[in-house]
Every structure is written in structure tokens, then in C-alpha cells.
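Chemist: Next come a sequence and a model predicted from it.
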Amino acid sequence: MKATLSVLIRMGSLHRLFPFWLVGLWLITQNLSWWIPVVLVYGYIAQLFVEYVMHRFLFHREPPTDQGTFNELYKSHIGHHEYPTDPEFFTGDDHWYPVRFGVLSIAIHTLILWPFLGLNMAFTLSYIALFVGSVTAFAMYEYCHTLSHLNVPKGKFGQYVTRKHLAHHFQDHHATFQVSFGLDWIDRLFGTAHDRATAKERFDRKTLLSMGMDPEDLRLVTARKAFGITERPGAKRAKAEQT
């Protein structure tokens, strides 16, 4: 846990979300009511689906042809697949994105609830749901994700999340998009649960780390140079397997 937390406390997105989370806790103390657990659960579950949708449809979309746009996707996700143990690629470099996303979500929820609850209550409910419930789910995701990539002693919890997530990296990157603990049902719901037979059919050692792209694709080569990467993908893993 110590090694995982040492990585998490350096994540810029969590730094920026933390003050908003604290404000949300304060709002809870000022508005104690039966609906607090309801909105917290809503916010938490909503984030689980956001996590899935973004991972599957944004980060695993067709690689852009424009190099600038490709570099952004490389930094936010492709680079993580090519260098899965490098903490620099555990999260993207737009650390304000979760805050902007949260503010936009609160605005939308507030507008929807305003006619029924009034502006003050609509905003309060939305804020607590998203900046407490959803941010807690996001922090849990970051914890599970980071833990799964660190080479540290792990208990049953850590072994479980590691086994599940690394199947996405090293067996079939078209499946197992949900990362957080105990949420296999989301992949089953959307038909992307890990299947050994399907994974075996899709498996291509040459392109696996590059998410189906030829590792010598000019876009990949250019992106690696842009971020100062000289080691070829999989080099560390290959060395470890030889020793």
C-alpha cells in the first residue's frame, strides 16, 4: 500500500480534485439528510460507467492520423500500454481535465434538477454526488490501477486487481476495460469480459503492446521521440523473462 500511495500522492489530477472533495464533505455536514447516501451511491456508480466509456471509446478509439492529436492519445493511453510499468504514463498530462469534467457534469445535473428542487438544492445534490461520490470512485480507480502495475508484494485484493487488469494489457486489449475492484459485471454487461478462447484468437505478440498498431508505425516512432523515449516497448519485460 505504501508504494502505491507514494505514486498516488504525486498525481496532479488528484491534487486538483482534493479541495473540491473537501468542500463536498463540508456540504454533507451542513445538509445531513436521508438523500445523502442516495446521491453518493449515484455519483460513485456514475463514475464507474464514465471510467468504462472513456477507457473503451476514447482511449481505445481508432488511432488519429494527425500527429499532434495522436501524440495526445499516446500520452494519455497508448504510451501506458507500450510502457505499462512507467509511472509517467499511469495518467495523462491534462491534470485539470477531471475538474473541468466535474464542473460541466455539475452544471448539467443542476439544470436538470433545478425545476424540481430549486437552484440551491439542485446544486448541492449535484456537487455532493459528483465531487464526493464520483471523485471517491475515481480515486479508487487510480489506486487499483496503480497497484496493478507496481511490482510490490500484494495480498488477495492486489493479486485480484493485478490479474484482471494485466489480462487487458498482455492478453487482449479489446476486453476488460473496467479496472476497479469487483466490477467485472460492467464488462459482462457490455460484452467485453475477458474470454480465453477469444483472447487466444486475437493475440499478436508483435502488436499487443501497441494496441494493435505496428510498433514501427511512424506515428508511434514520432510520439516516442516527442516524449524522449529511446527504449523499445517490451524491452524490460523481455529482459525479465530471460532472467
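Modeler: Received it, and whenever you're ready, just let me know what you need. Residues are numbered from 1 along each chain as shown.
Chemist: Show the low-confidence segments of this structure, by residue range.
Modeler: 1, 235-243 (pLDDT under 70).
Chemist: need the longest helix for it.
Modeler: helix 97-117 (DSSP state H).
Chemist: Tell me where this protein has helices.
Modeler: 2-8, 12-30, 35-53, 67-73, 79-82, 97-117, 119-128, 135-149, 156-170, 184-189, 196-202, 218-226, 235-242.
Chemist: Of those helices, which stretch is the most buried?
Modeler: Highest mean neighbour count of these: helix 79-82, a mean of 23 (counted as mean count of other Cβ atoms under 10 Å). Where you see a C-beta, it was placed from the backbone N, CA and C, and this is true even at glycine.
Chemist: got the contact list for that one?
Modeler: For helix 79-82, contacts defined as Cβ atoms under 8 Å, 6 or more residues apart in numbering pick out 86, 88-90, 169, 173, 209-211, 215, 220, 223-224, 227, 229, 233-234.
Chemist: Recalculate using a threshold of 10 Å.
Modeler: 59-60, 71, 73-74, 86-92, 145, 149, 168-170, 173, 208-213, 215, 220, 223-224, 227, 229, 231-234 (Cβ atoms under 10 Å, 6 or more residues apart in numbering).
Chemist: What subset of these is buried?
Modeler: 59-60, 71, 73-74, 89-92, 145, 149, 168-170, 173, 208-211, 213, 215, 220, 223-224, 229, 233-234 (16 or more other Cβ atoms under 10 Å).
Chemist: and residue 84, what is it in contact with?
Modeler: 90, 148-149, 165-166, 168-170, 209, 233-234, 236-237.
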